[in-house]
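Asks: Structure for this input, please:
(one chain, ligands or ions: 1)
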Amino acid sequence: MVGGDADFFAVPADLEDLLKLLVFARHANLEIFILGRGSNLLVADSGIRGLVIDMRHFNSFEAQGKTLILGSGLSISDAAWRAGSVGMAGLDFLFGMPGTVGGALWMNARCCGLQISDFVAWIEVMDLEGRIERIVVPDNEWGYKKSLFQRERLIILKARFDVVQGNSKALRLAMSAKRESRISKGHYIFPCAGSAFKNNREFGAPSGVLIDHCGMKGYRVGGAAVSTWHGNIIVNDRGAAATDIEAILLAVAKRVETEIGVQLEREILLVGEWGNGQ
Ligand SMILES: Cc1cc2nc3c(=O)[nH]c(=O)nc-3n(C[C@H](O)[C@H](O)[C@H](O)COP(=O)(O)OP(=O)(O)OC[C@H]3O[C@@H](n4cnc5c(N)ncnc54)[C@H](O)[C@@H]3O)c2cc1C
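Replies: Residues are numbered from 1 along each chain as shown. Have a look, this model is predicted:
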């Protein structure tokens, strides 16, 4: 585990709890951070000021016909497996990816040429005043690793996905193969936060290839290193501090800019209190 503690950490059991937490935060003048599974985050060593709300109990799963309604705290991989197991195809491309339905929507998670927004019908959200609304997000609000949630302060509660009928046995086999592929690419060997930098087609090659080209595979600071098997994965293999990982992110971006002339965009989200104002 990397990073420090939050001032306040809460795991609401239901909507009523969530509403009480929003009132508490408002009266205590606390910043709120909504946590999925933390699989895309680098939390500062000094922790997070304010209230962190962990959405894990919002983990409902409803499957009807060609419709899935999924709670935001449900593991996206579990959702894909459960849907596939009842012959619902669509979200299976997300099997094996860490994180929750809420985190995947926030990031517009993608894999194998598909993105989660391709399947969304509506999303139920709560604003920080506690008002609940069901929204249909227009296509132009979604992009490569982009969603309107990165701009608007909304808590994702649940979402409806339109999927298609499939064969449960074939879907399970395909999903198992996806997991094998992730295992063979070294996704789960050491703790990491997935891709460190976004890919950009204009750069002519994936970020990992550019980083490798600059000789940065294996580059180490303290307890963390660029993995030796993939240039875009930074692993915590020796009890890293968050600042070790941050130093690698900065060094890699600088080297790629100096040697190749492109500015990599960070995908890992730095959260909490960073001394340098990041
Ligand atoms: C081994 C590994 C492989 C990965 N592979 C992929 C991949 O193939 N494709 C890909 O796109 N990503 C990948 N990732 C990155 C990560 O899994 C995704 O970004 C995931 O969607 C993050 O989900 P999370 O629940 O962990 O979100 P968190 O990391 O907890 O949060 C991410 C952001 O979402 C916000 N958020 C979370 N839940 C809610 C909610 N209910 N309401 C409002 N905001 C919310 C948080 O505030 C934060 O800003 C990978 C990561 C790892 C570690």
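Asks: Can you show me the helices along the protein?
Replies: Residue ranges of the helices in the chain, as given by DSSP state H, are 15-28, 76-85, 101-107, 168-184, 207-213, 242-260.
Asks: Which of those has the highest mean neighbour count?
Replies: helix 101-107 (a mean of 27; mean count of other Cβ atoms under 10 Å). Quick note: C-beta positions are derived from backbone N, CA and C, even for glycine.
Asks: What helices and strands are in contact with it?
Replies: helix 76-85, strand 154-162 (3 or more Cβ pairs under 8 Å, 6 or more residues apart in numbering; DSSP states H and E).
Asks: Looking at the helices of the chain, spot the one closest to K158.
Replies: Nearest to K158 among the helices of the chain is helix 101-107 (7.7 Å), distances taken as Cβ to Cβ.
Asks: what comes into contact with that closest one?
Replies: Contacts of helix 101-107 from elsewhere in the structure, counted by Cβ atoms under 8 Å, 6 or more residues apart in numbering, are 34, 36-37, 39-40, 55, 58, 70-74, 76, 79, 94, 97, 99, 109, 116-117, 120, 123, 145, 147, 149-150, 156, 158-159.
Asks: Just give me how far it sits from the chain centre.
Replies: Here the centre of mass of C-alpha atoms in helix 101-107, compared against the chain's by Cα atoms, centre = their mean, to the nearest Å, lies 6 Å away.
Asks: C112 is in contact with M97, correct?
Replies: No: using Cβ atoms under 8 Å, M97 is not in contact with C112, being 10.4 Å away.
Asks: okay, the two: which has more neighbours?
Replies: Counted by other Cβ atoms under 10 Å, M97 and C112 do not tie: M97 has more neighbours, with 22 against 10.
Asks: okay, that one: pLDDT?
Replies: The confidence metric pLDDT takes the value 97 at M97.
Asks: for it, what are its contacts?
Replies: For M97, the set of contacting residues under the criterion of Cβ under 8 Å, 6+ apart consists of 76-77, 104, 109, 111, 182.
Asks: Could you give the bridge partners of A225?
Replies: When bridges are called by DSSP bridges, A225 pairs up with R220, V235.
Asks: ok, which residues in the protein are in contact with the ligand?
Replies: Contact residues, the chain versus the ligand (Cβ under 6 Å from any ligand atom): 33-41, 55, 72, 97-100, 102-104, 106-107, 109-111, 149, 155-156, 187, 192-194, 269.
Asks: Pull the most distant pair out of the contacts of M97.
Replies: Taking Cβ to Cβ, no two of the contacts of M97 sit farther apart than A104 and R182, at 15.3 Å.
Asks: From S60, how far out is I155?
Replies: Plainly put, I155 is 15 Å away from S60 if you go by Cβ to Cβ, to the nearest Å.
Asks: So between the two, which is more surrounded?
Replies: Just comparing I155 and S60: by other Cβ under 10 Å the higher neighbour count belongs to I155, 21 against 14.
Asks: Look up the residues forming beta bridges with the more buried one.
Replies: If you apply DSSP bridges, the partners that I155 bridges to are M126.
Asks: Show me where this structure dips below the pLDDT cut-off.
Replies: Across the chain, the ranges flagged by pLDDT under 70 are 276-278.
Asks: what's the span of stretch 199-208 from first residue to last?
Replies: Distance between the two ends of stretch 199-208: 8 Å, counting by Cα to Cα, to the nearest Å.
Asks: Give me the contact list for it.
Replies: Under the criterion Cβ under 8 Å, 6+ apart, external residues in contact with stretch 199-208 comprise 144, 195-198, 210, 213, 230-233, 256, 260, 262, 264-265.
Asks: Report how many residues lie close to the nearest residue to Q115 once chain neighbours are set aside.
Replies: With Cβ to Cβ, 6 or more residues apart in numbering as the criterion, Q115 has its nearest non-adjacent residue at 5.3 Å, and that residue is N108. A count of neighbours around N108, defined by other Cβ under 10 Å, yields 22.
Asks: so N108 makes contact with L114?
Replies: No: contact criterion Cβ under 8 Å: N108 and L114 do not qualify, at 10.7 Å.
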